[in-house]
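Colleague: coords please:
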Amino acid sequence: MPKIKEIERTPNPDAMRFVLAEPLTRGVTRSFENSSEAEHDDLANALFNIDHVINVYYVDKYITVTQDGKAVWSDLLRKLAPPIRQSKPQLDIEEDEEIHASKEVQETDDPRLMQINQLLDEQVRPYLLADGGGLKIIGLDGNRLKIHYQGACGTCPTATSGTLYAIESMVKRIDPEIQVISV
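Modeller: Next up, the predicted model:
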């Protein structure tokens, strides 16, 4: 049973990040945007059964829960803690192959996409994880890079403005013609 060491605010006022004493996974990221996606995951399913939960994201010792903005955090945290404490470590699960990049991106021979994915791995994803979220590359359509924010980043006001602008600035070093859009 994981022990909750800390509960941290994220830049998203509708998301909180739980820091556990022991890892829940060994580097495997899980991201759920609704209850139907979570039906085969005991922890995510239990959290979605709590009113107002709209997103569950976890990796290693971190669980981020996003609410719809209609709950009072002090009340919601009391409801979220028991299923988190009762969850069992999932140290043998395998990574969803498309958690950070779509199949199209993984199979591409476009050097721009390969460089962009590496850049995001090194310079963006670690910072997003520290804020309770992540980022998936959907694809490159002409000069339009489609990305999808995960976890706390999915509904964060700064993700769709400041963070998106910063990512686009970095990507423009690879190709000045690329525009980044969040989908």
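Colleague: hey, let's count contacts and neighbours off CA atoms from now on
Modeller: Noted.
Colleague: the bottom helix or strand of the chain by mean pLDDT?
Modeller: Every helix and strand of the chain was ranked by mean pLDDT, DSSP states H and E. The lowest is helix 103-106, at a mean of 88.
Colleague: Which positions in the helix or strand following that helix come out as buried?
Modeller: From helix 103-106 onward toward the C-terminus, using DSSP states H and E, the following helix or strand is helix 111-123. For helix 111-123, a neighbour-count test (16 or more other CA atoms under 10 Å) marks 113, 116-117, 119-120 as buried.
Colleague: Would you mark the buried spots in the next helix or strand after helix 111-123?
Modeller: Downstream of helix 111-123, the first helix or strand assigned by DSSP H and E is helix 125-130. Neighbour counts over helix 125-130 (16+ other CA under 10 Å) mark 125, 128-129 as buried.
Colleague: Just the pLDDT at M1, thanks.
Modeller: M1 is assigned 63 on the pLDDT scale.
Colleague: dump the residue contacts of the spatially closest residue to F48 that is not a sequence neighbour.
Modeller: Once flanking residues are discounted, F48 sits nearest to S35: 5.6 Å by CA to CA, 6 or more residues apart in numbering. Shown in contact with S35 (CA atoms under 8 Å, 6 or more residues apart in numbering): 44-45, 48-49.
Colleague: Tell me the spacing between S35 and E94.
Modeller: Separation of S35 from E94 (CA to CA, to the nearest Å): 20 Å.
Colleague: do the same with T108
Modeller: In terms of CA to CA, T108 sits 22 Å off from E94.
Colleague: Next: I167.
Modeller: 28 Å.
Colleague: same check, this time on E177
Modeller: Applying CA to CA to E177 and E94 gives a distance of 36 Å.
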